[in-house]
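S.K.: no sequence on this one, just coordinates:
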């Protein structure tokens, strides 16, 4: 069917298309749209009989893999989901050609009770063969995402800060917009990171932005600290694997987690002295945070084992000694320590 734009996506998911191509410059918007399509299928991604994740590497090794999978029936769900992953947009022309051929082969067969989700950032044009093939199919759907302008991103940032109830100086918004490009998902993560960094030092200023955006700490490191504090081992492992895959040094993430756990320790001590909740939030830098962030922090204060926090300093010293000893891979030492803290 003819190509559409992002604001038309929801209305075109009923009935579900057999294949949805998401393409364009805004990689963050593509990832969000992929999740929207996946949610619309109602398929549980953890159900191996109803959902399948196929990587670009898989398709290069076996060009017919996509077509074969699309013809496989699900025994646990009325609909089947195939999510093609691992496409960065930096692939060679030959690789995109191979991907195109896999998609064309799949489209040659009747596609019933299945949805293939395929996000391709940066690499395609309106005249690309894969776009033309999908737009020429009677039921498949192609959605184009245009790059946001600086004014679009500025407006998006203001909306995110307003939603958090946090004041921010106009110059700080301008600096963020100029440094983030067009990726809204990246922009949202940087807002989250900045909120944690600034704490109760409001309004957010250019100095906050310079210190935070210029720093080497990725947004997922902040999420990792929260996952450890909430003792969510599964999420901790997922974030660790993502950081490692991105080539990040885990030392900043480990330090950030230790800082977060130290705040929990301080809060527990204040709580034991029956000090008011408001004072606890002030001392730990959570007083100006959104209420849901405060509630999650207080929940962690209540649940995290005090005995483990009592030995935090020694545990940190031992872990860092191992990571720097040269006898053990630093990534392994820090990963193991963070998983231990999340247990």
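M.R.: That came through, no problem. Not measured: the values here are computed from a predicted model.
S.K.: quick one, helices of the stretch 201-343 of the chain?
M.R.: Remark: helices assigned in the stretch 201-343 of the chain by DSSP state H, counting those that start in this stretch are 206-213, 219-229, 233-245, 251-272, 277-283, 291-303, 306-310, 312-325, 330-342.
S.K.: who wins for proximity to residue 191 among the ones you listed?
M.R.: helix 219-229 (9.1 Å; Cβ to Cβ). Quick note: C-beta positions are derived from backbone N, CA and C, even for glycine.
S.K.: ok now the closest one, how far from the chain's centre?
M.R.: 12 Å (Cα atoms, centre = their mean, to the nearest Å).
S.K.: Which neighbouring elements make contact with that helix?
M.R.: Judged by 3 or more Cβ pairs under 8 Å, 6 or more residues apart in numbering; DSSP states H and E, helix 219-229 is in contact with helix 184-198, helix 233-245, helix 251-272, helix 291-303, helix 330-342.
S.K.: Just the buried residues of stretch 3-19, please?
M.R.: 3, 6, 9, 12, 13, 16, 17, 18, 19 (16 or more other Cβ atoms under 10 Å).
S.K.: I'd assumed residue 142 was in contact with the first one.
M.R.: Read that as residue 3. Yes. When contacts are counted by Cβ atoms under 8 Å, residue 3 is listed as touching residue 142 (4.4 Å).
S.K.: Residues in contact with both of the two, list them for me.
M.R.: 131, 135 (Cβ atoms under 8 Å, 6 or more residues apart in numbering).
S.K.: just to revisit the earlier point, list the ones among the buried residues of stretch 3-19 that fall in strands.
M.R.: The strands, defined by DSSP state E, take in residue 19 from these.
S.K.: Show me the two of the buried residues of stretch 3-19 that sit farthest apart.
M.R.: 6 and 18 (19.9 Å).
S.K.: Just give me the neighbour total for residue 257.
M.R.: Using other Cβ atoms under 10 Å, residue 257 has 26 neighbouring residues.
S.K.: Look up the closest residue to it, ignoring the ones flanking it.
M.R.: residue 225 (4.4 Å; Cβ to Cβ, 6 or more residues apart in numbering).
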